[in-house]
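1. Quick one: sequence and predicted model below, then my questions.
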Amino acid sequence: MTIELVDVSVTSPGRNFVTLKITTSDGVVGWGDATLNGRELSVASYLRDHVASTLIGRDEDRIEDTWQYLYRAPYWRRGPVTMAAIAAVDMALWDIKAKKAGMPLYQLLGGASRDALRVYVHASGADYASLHDAVTRYVESGVTAVRVQTGIPGLGQIYGVASNKPGAKYDYEPAKRAADGSSATRPAEEEWDTRKYLSHMPGVFARLREDFGTDLRILHDGHHRMSPIEAARFAKDIEPYDLFWLEDCTPGEDQSALRLVRQHSTTPLAIGEVFNTVYDYQTLITERLIDYVRSAVTHTGGITSMKKLLDFAAVYGIKSGIHGPTDISPVGMAAALHLGLAIHNFGIQEYMPHSETTLEVFQTSYSYERGYLHPGDAPGLGVELDESAAAAFEYTKAYLPVNRLTDGSMHDW
Ligand code: KDG
Ligand code: MG
């Protein structure tokens, strides 16, 4: 059989998602996630205008060959747009193959290596009291790992801190539409001061350890904001609080920066949500500069290339920590869950639940229970897009914020 139809849809049930649908000549449908937060239409165009016609008539079973074809054909390799487009095709083809086999995808990847996937969730608060409340709620619900982000005295809204009222169900959602819900015209601006952050955070971790004991896995995201020497000092300062990981302590593109951090600290390091290929990790993995691979299946070429990347990482004792914020669609999330269930070097899975509206548009068969996710046993990825529900939510432009230092200069967000 061959690929007969390739369709791209952009829907916005609360936030934007780009979904690829591949239909074979015998009517099997596969879905892929191509969502690139804040730059969605560029991937939709890449797929519609440059990829779709080249797939028609190809054998849908030749997944590796199709991956290589799409990676090598344009000459212009890598980058988030290209690799998200390849990821969507790759996921859709794996979905089709597993549906044809009548198996959940994880069975084709070697079968389950564990019963379920330990997740970490996002706990945040503008101050310690509200952060403490959020962590308490999660711990009481059975969660064993929390990412903690908190406001910094003297700064306004910053990365990772939900503006939700206490008790609200959904986490921080950084991509912002205009205040009236229509398309935004430019990004919001936030203010940042690394010095204030470095002096405030160690005390927060100290209090969390005191209040929640040693069992709780505590994670934190530095979101690319520290210089190498600042990150080295911070990672060293917080060693006594035994973090599960410190994520993106320095800007992702500077691989050698992590040598300096490693020389000074044993705090485990995670990086890679902005990476797209194994080459972004080559130095980090072979020199054992990180402990967790943070790529999203959606942004790193799909299941085919993520499996190879994680197998490569396994040789060096490095584990997975697959990116799973709400800007990964339920299709991309399912891909992460099947892969995580199958590989031996699974570390932890990020889990930011999608909104109810999103889950009306994407029908999922993965399940969450007391701190663990399971991809489910439906054939394929186990996620179907309800196209008529999706059509009701038009694309609405939203931007990730930008960050300025207190003197007005641009900084990494
Ligand atoms: O689109 C940007 C988000 O995916 C990112 O800010 C989330 O850092 C993030 C995380 O660790 O989930
Ligand atoms: Mg992150």
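-> All right, it came through fine. Ligands and ions are numbered 1, 2, ... in the order given.

2. show me the residues around the residue of the stretch 151-300 of the chain found nearest ligand 2 that make contact.
-> For the stretch 151-300 of the chain, the residue closest to ligand 2 is Asp221, as judged by CB to the ion, at 4.3 Å. Every C-beta, even on glycine, is put in place using the N, C-alpha and C of the backbone. The neighbours of Asp221, taking CB atoms under 8 Å, 6 or more residues apart in numbering as the test, are 147, 149, 159-160, 247-248.

3. Of these, keep whichever come out buried.
-> The neighbour-count test (16 or more other CB atoms under 10 Å) applied to these identifies 147, 149, 159-160, 247-248 as buried.

4. hmm, back to that, please list which of the contacts of Asp221 also come close to ligand 1.
-> Intersecting the contacts of Asp221 with the surroundings of ligand 1, defined as CB under 6 Å from any ligand atom, gives Glu247.

5. mind listing which of the contacts of Asp221 are in strands?
-> The members of those that map onto strands under DSSP state E are 147, 149, 247.

6. which residues touch stretch 40-49?
-> Residues beyond stretch 40-49 that count as contacts (CB under 8 Å, 6+ apart) turn out to be 6, 8, 10, 16-18, 20, 34-36, 81-82, 84-85, 88-89, 395.

7. hmm, back to that, between the buried ones among the contacts of Asp221, which is closest to Ala52?
-> Ranked by distance to Ala52 (CB to CB), the buried ones among the contacts of Asp221 are led by Asp248 at 33.8 Å.

8. for the residue of the stretch 151-300 of the chain closest to ligand 2, which residues make a bridge with it?
-> Asp221 forms beta bridges with Glu247, as assigned by DSSP bridges.

9. and the gap between it and Ile271?
-> For Asp221, the distance to Ile271 under the criterion CB to CB, to the nearest Å works out to 10 Å.

10. joint contacts of the two?
-> Overlap of the contact sets of Asp221 and Ile271 (by CB under 8 Å, 6+ apart) consists of 247-248.

11. And the helices in the stretch 1-150 of the chain?
-> Listed in chain order, the helices of the stretch 1-150 of the chain (DSSP state H, counting those that start in this stretch) span 40-45, 52-55, 63-72, 80-101, 105-108, 128-140.

12. quick one, which of those is packed in tightest?
-> Each of the helices of the stretch 1-150 of the chain was assessed for mean neighbour count using mean count of other CB atoms under 10 Å. The highest is helix 80-101, with a mean of 26.

13. Tell me which residues touch the residue of the stretch 1-150 of the chain found nearest ligand 2, please.
-> Per CB to the ion, Arg147 is where the stretch 1-150 of the chain lies closest to ligand 2, at 8.4 Å. The neighbours of Arg147, taking CB under 8 Å, 6+ apart as the test, are 120-123, 160, 219-221, 247, 350.

14. what's across from it in the sheet?
-> Here Arg147 sits in beta bridges with His122, Leu219, as judged by DSSP bridges.

15. quick one: it from Phe312, how far?
-> Here Arg147 is placed at a distance of 26 Å from Phe312 (CB to CB).

16. Quick check: which of the helices of the stretch 1-150 of the chain is nearest to Thr358?
-> Checking the helices of the stretch 1-150 of the chain against Thr358 by CB to CB gives helix 40-45 as the closest, at 14.3 Å.

17. May I see the buried ones among the contacts of Asp221 organised as TSV, with pLDDT added?
-> Listed next are the buried ones among the contacts of Asp221 as TSV, based on pLDDT from 0 to 100:
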residue	pLDDT
Arg147	98
Gln149	97
Tyr159	94
Gly160	93
Glu247	98
Asp248	98
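
18. Low-confidence ranges, the stretch 301-413 of the chain, go.
-> Within the stretch 301-413 of the chain, the set of residues satisfying pLDDT under 70 is empty.

19. Would you map the strands across it?
-> All strands of the stretch 301-413 of the chain, identified by DSSP state E, counting those that start in this stretch, fall at 319-320, 349-350, 362-364, 367-369, 372-374, 383-385, 402-405, 410-411.

20. what helices or strands is the fourth one leaning on?
-> This means strand 367-369. Applying 3 or more CB pairs under 8 Å, 6 or more residues apart in numbering; DSSP states H and E, one finds that strand 367-369 contacts no other helix or strand.

21. How about the residues of the chain by ligand 2?
-> Contacts of the chain with ligand 2, taken as CB under 5 Å from the ion, map to 221, 273.

22. switch to 8 Å and redo it
-> Where proximity means CB under 8 Å from the ion, the interface of the chain facing ligand 2 comprises 221, 223, 247-248, 273, 294, 323, 325.

23. Out of these, the closest to ligand 1 would be?
-> Pro325 (3.8 Å; CB to the nearest ligand atom).

24. Report the spatially nearest residue to the closest one, omitting neighbours in sequence.
-> Met352 (4.9 Å; CB to CB, 6 or more residues apart in numbering).

25. Equivalent analysis for Gly376, please.
-> Closest residue in space to Gly376, ignoring its immediate chain neighbours: Ser365 at 3.6 Å, by CB to CB, 6+ apart.

26. Could you measure from that neighbour over to ligand 2?
-> Ser365 sits 27 Å away from ligand 2, going by CB to the ion, to the nearest Å.

27. Serialize the residues of the chain next to ligand 2 to JSON lines and add fields for distance to Tyr197.
-> Written out in JSON lines, the entries for the residues of the chain next to ligand 2 read as follows (distance: CB to CB, whole Å):
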{"residue": "Asp221", "distance to Tyr197": "12"}
{"residue": "His223", "distance to Tyr197": "10"}
{"residue": "Glu247", "distance to Tyr197": "14"}
{"residue": "Asp248", "distance to Tyr197": "13"}
{"residue": "Glu273", "distance to Tyr197": "19"}
{"residue": "Arg294", "distance to Tyr197": "20"}
{"residue": "His323", "distance to Tyr197": "22"}
{"residue": "Pro325", "distance to Tyr197": "21"}
